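**Q** Just to be clear, the model below is a prediction. Sequence and coordinates:
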Amino acid sequence: MTSRLLLLALLGLIPVMLVPGWTSALIVSGIIVIVALLDFFLVPPPRLVALQRTPGPMVRLGDATDCALTVVNDSPRRLRIAVRDAWSPSAGAKNTRSRFDLPPGESTQVVTQLLPVRRGALHADKVTIRSRSVLGFIARQKSFDVPAIVRVLPPFISRRELPSKTQKLRELDGRSAVMIRGMGTEFDSLRDYVDGDDVRSIDWRASARSQDLVVKTWRPERDRRVVIVVDSSRLAARRCGDGTIFDAALESALLLTALASGAGDRVDVVVADARIRAIASSHRSKDPVHDLSVALTTVHPELYDADWEQISTTVLATSRQHALVVLVTALDEGSVSDEILPVLPTLSARHRVVLASVEDPGLGELASKRESTDEIFTAAAAEAELLTSKSLQTRLRGAGVQSVEAGPDDLPGALADLYINLKATGKL
Amino acid sequence: MSALIDVATRGTRSSAAVPLTARLRSAGVWIVAAVAILITVIATMLMTSDRDSEAPLHYDSTAREGTKAMVETLRDHGADVTTTEDFDTAHEASGQPGTTLLIPTKADLLSQGDIDGFRSQLAANDNRLTLIDPGYSVQDFTDRITVDDSLSPLATPDEISQPDCEVPAAQAAGAVETGDAQYAEARKGIQGLSTCYPFAGPGVTQIAGGEVTPGSAHGQLIVDEGGGGKGDFPVTVLGNSDWVTNAGIDEEGHASLVLSQLSQTDHLVVYYPTESGESESAPSTLDYVPSWFIAGALWLAPCVLILLLILGRRFGPLAVERLPVIVPAVETVHGRAALAARSHDRTGALHTLRTGALLRIAKRLALGPEAGRHDIIAGIVNATGRDPAQVESVFSSAVPRTDSDLANIVHLLTLIESEIS
């Protein structure tokens, strides 16, 4: 039924009012029903349309993408159709509806703009075709599955911190005027002395040969191994700010990957809960951050407990040589003391282990609100939570594990600083 | 980026056929609802019509007080019985030659105009009228019969009355049960009028003073063959309604008496007057509205239906969102806070807050981890210049006995902590 049928029915008002009575009403409604039935058989069935979806490029969260829907009229009939290109709400599709008048054999394309609001593989929903005839009193519609997936990568907001962190890292490098010599650096090259260079780095033997002052330059150690373990268990599914703890953990992993692979280290990322969900490596990869983003796109936290024994086995299998192992997980008393501490000795026997966790900004807020009695009890409970995580950090330090805890926005930067610090002191 | 388009995910249309069973299942709720509504409507209609025919002496009632048995028996014996609640139908049917009009009850509901209509119709065709225990409204139908008000108030009539008359039907029927009322001729000595089944028994005497003069013919059955004058017609009054009810018709000689009285003609019209006479209702506002306007207004109903169908038609099913798992974060904190509040664990809450505050203050005052509680408190006193006893009490010794105690201590604690920067 369309608005034209309504108009027809309203037109029927004229004869009905001119000749009031049941007979005229029956005649007019009979005519309308017959016209509607005739039109129903005139309408080309929607299944005559051939459909194809072509998803646009994968994007980072926050960027726009699109998906093209090709509508082909294979039938010998002219098709007057309305098309709804449905997407799930998080795909952020705008203007999903369009109308076409397709002569036989013609095809057309409609591009639906998408502005996704969630990371992951977004599945297209159904395509609905509503067909009508020349008369247009009756519309027939049908919905079809036309599969398409648009991949939305994690946003990597913390990449804006990358230049400053890289700069910090370069300060360790021989290319910079400031040279730090000591542990964790290795001999790079010789060059001419310029004013301001540290006199202690003059290589006298080389200077004697070249008749000019020559200094040694140093650069940080390269080709170290970094293994980042991101916990995707139930503790990572907690809401935190706009997203989840897991989103902040991914940001940290991405920034550290970008930084470390830029500094010439090899980064492996393991995402795991009760099973290994994803593994990505910067080895032989042109764009490690992109590859890692793609690998992480479809991973969402699940309501399982993490299997730390399996995770430590995977880490040990990933890197036989000494590596920096970063565990991005929650500082939860139960899981840390029962699950992580027992497997730590095996890990720290061969590797340097660091634990990073996302601090819930809501806790601090709750702990500082102390007006009414109820708020005081809530503040006490929040304070107890904070004290527990502090005492856990102390215990971990006792076990030789450094830990970083920061809010979701600050954790990537804090973890990067820790890495730079470790690299500068040669503890990688 | 465009080189990264994953062509493998390009999808074409797949099967769209929804199996009939799935469609039925999804429509199942509506089908069940429609059937349920239909059943309810039918049941309501049946129940309401049942209630109508429960009325006493109604021709469709199968209750003890109904008269369906009598009507059906007459039909079985070949009589052409017309039953109606509608005045116009009854009026028209009583004009047929060779008809008896039976008004079993509620004759007093009829207006004088209706009764005059019946009278002229009956008189024109010399048809018969039978009334069952009509009371004083019998006087509206005929001026020859009235209620016998001459019975002595001390009378206790016998349970069974004998015919005691010349009417063949009464004689054939024999004795009947005695009712509450007797009818009598309106004046003494009216011709063509027979009375049967008079009250008999101890104390039954006629007394003067009423409309009926003592000595007038009286009885529970009056058969008036008419005076032969213009406008006269035969009238039969059955003085006891028990004679015709489903419960009473098979007692004594009731069946014989009633059936013989009602089967004297080929046709019988049973008219059951009802209170809602449409013809009597006052003209409503609708009668003043022009018919074209009503037709137009009624025509708008299907138009609105079409409009609703157009607006209500969804363009394809709702899009499905696959939601990832998200757990509320501070839920456990709120839960623990509620537990502590319910168990009034003020000491525990204060202890936690004190510990947190002392640790932060120790950090701010650059005290090492070896500094104890008393060292930190001494540091606070130094930093703020507050009374040592007060600081000691707030950070260590005070015990909160009530919730307001706790609030006061915590507020002071927060204040002192904020003073140290």
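**A** Structure's in. What do you need? Residues are numbered from 1 along each chain as shown, chains lettered A, B, ... in the order given.
**Q** Domain map for the chain?
**A** In the absence of a named chain, this looks at chain A. Chain A breaks down by automatic domain parsing into domains covering A:3-42, A:46-153, A:186-220, A:222-424.
**Q** Please refer instead to chain B.
**A** If you go by automatic domain parsing, chain B breaks into B:26-55, B:68-277, B:331-419.
**Q** pLDDT weak spots in the chain?
**A** With no chain named, the answer covers chain A. A:173-187, A:218-220 (pLDDT under 70).
**Q** Sorry, I should have been clearer: chain B.
**A** B:1-18, B:49-53, B:209, B:227-230, B:276-283.
**Q** can you give me the helices for it?
**A** Taking DSSP state H as the test, the helices found in chain B are B:20-52, B:68-76, B:87-93, B:112-125, B:138-141, B:168-173, B:254-262, B:291-312, B:331-342, B:346-364, B:373-384, B:388-392, B:403-419.
**Q** got those as CSV, with distance to chain A and mean neighbour count columns?
**A** C-betas here are computed from N, CA, C, even on glycine. Putting those into CSV (distance: least, CB to the nearest CB, whole Å; neighbours: other CB atoms under 10 Å in any protein chain shown) gives the following:
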stretch, distance to chain A, mean neighbour count
helix B:20-52, 12, 10
helix B:68-76, 35, 17
helix B:87-93, 21, 17
helix B:112-125, 30, 16
helix B:138-141, 40, 20
helix B:168-173, 50, 18
helix B:254-262, 40, 21
helix B:291-312, 4, 14
helix B:331-342, 4, 16
helix B:346-364, 4, 18
helix B:373-384, 15, 16
helix B:388-392, 18, 15
helix B:403-419, 4, 17
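**Q** Figure out which of those is closest to residue A:266.
**A** Distance to residue A:266, taken as CB to CB, is lowest for helix B:346-364 among the helices of chain B, at 38.0 Å.
**Q** what's around the residue of chain A found nearest chain B, how many residues?
**A** Closest residue of chain A to chain B, CB to the nearest CB: residue A:128 (2.9 Å). Neighbours of residue A:128 under the rule other CB atoms under 10 Å in any protein chain shown: 22.
**Q** ok, now which ones touch it?
**A** For residue A:128, the contacting residues are A:83, A:84, A:86, A:141, A:142, A:143, A:144, B:315, B:316, B:317, by CB atoms under 8 Å, 6 or more residues apart in numbering or on different chains.
**Q** change it to 10 Å
**A** Neighbouring residues of residue A:128 by CB atoms under 10 Å, 6 or more residues apart in numbering or on different chains: A:46, A:81-86, A:96-97, A:141-144, B:314-317.
**Q** Take those and, keeping just the buried ones, write it as a ChimeraX select command.
**A** To isolate the buried ones among those in ChimeraX, judged by 16 or more other CB atoms under 10 Å in any protein chain shown, type:
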select /A:46,81,82,83,84,85,86,96,141,142,143,144 /B:315,316
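**Q** In a helix, residue A:15, correct?
**A** Yes: according to DSSP: H, G, I helix; E, B strand; the rest coil, residue A:15 belongs to a helix.
**Q** In this structure it contacts residue A:27, no?
**A** Yes: the criterion here is CB atoms under 10 Å, and residue A:15 meets it with residue A:27 at 8.0 Å.
**Q** Residue A:202 is in contact with residue A:216, isn't it?
**A** Yes: counting by CB under 10 Å, residue A:202 touches residue A:216, with 7.9 Å between them.
**Q** Residue A:7 contacts residue A:35, correct?
**A** No: using CB under 10 Å, residue A:7 is not in contact with residue A:35; the gap is 11.9 Å.
**Q** Show me whatever sits in contact with both of the two.
**A** Overlap of the contact sets of residue A:7 and residue A:35 (by CB under 10 Å, 6+ apart) consists of residue A:137.
**Q** Can you add distance to residue B:61 and give the helices of chain B back as TSV?
**A** Formatted as TSV, the helices of chain B follow (distance: least, CB to CB, whole Å):
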stretch	distance to residue B:61
helix B:20-52	9
helix B:68-76	6
helix B:87-93	18
helix B:112-125	23
helix B:138-141	23
helix B:168-173	24
helix B:254-262	16
helix B:291-312	37
helix B:331-342	67
helix B:346-364	78
helix B:373-384	96
helix B:388-392	95
helix B:403-419	75
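**Q** Out of these, flag the one nearest residue A:329.
**A** Taking CB to CB, helix B:331-342 is the member of the helices of chain B nearest to residue A:329, at 17.1 Å.
**Q** Pull the distance from the closest one to the chain's centre.
**A** Its chain's average C-alpha position is 53 Å from that of helix B:331-342, according to CA atoms, centre = their mean, to the nearest Å.
**Q** Stretch A:253-260 too?
**A** The answer for stretch A:253-260 is 15 Å, by CA atoms, centre = their mean.
**Q** returning to what we had before: of the helices of chain B, which is nearest residue A:393?
**A** helix B:346-364 (12.3 Å).
**Q** how far off helix B:403-419 does the closest one point, in degrees?
**A** Calculated by axes from the mean of the first three to the mean of the last three CA atoms, to 10 degrees, helix B:346-364 forms an angle of 0 degrees with helix B:403-419.
**Q** Spell out which residues of the stretch 301-428 of chain A are next to chain B.
**A** When proximity is defined by CB under 10 Å from any CB of the partner chain, the stretch 301-428 of chain A lies next to chain B at A:301-303, A:358, A:360-363, A:365-368, A:370-387, A:390, A:394.
**Q** Give the ChimeraX command for selecting the buried subset of the residues you listed.
**A** Here is the ChimeraX command that picks out the buried ones among these, judged by 16+ other CB under 10 Å:
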select /A:301,302,358,360,361,362,363,366,367,370,373,375,376,377,378,379,380,381,382,383,384,385,386
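**Q** Just the ones of the residues of the stretch 301-428 of chain A next to chain B in strands?
**A** residue A:358 (DSSP state E).
**Q** Could you point out the longest helix of chain A?
**A** Longest helix in chain A, counting residues (DSSP H): helix A:373-398.
**Q** can you give me the strands in the stretch 151-300 of chain A?
**A** Here the stretch 151-300 of chain A has its strands, by DSSP state E, counting those that start in this stretch, at A:185-192, A:214-220, A:225-231, A:239-240, A:243-244, A:266-272, A:276-281.
**Q** Would you tell me which of those strands gets closest to residue B:304?
**A** Of those, nearest to residue B:304 by CB to CB is strand A:239-240, at 46.4 Å.
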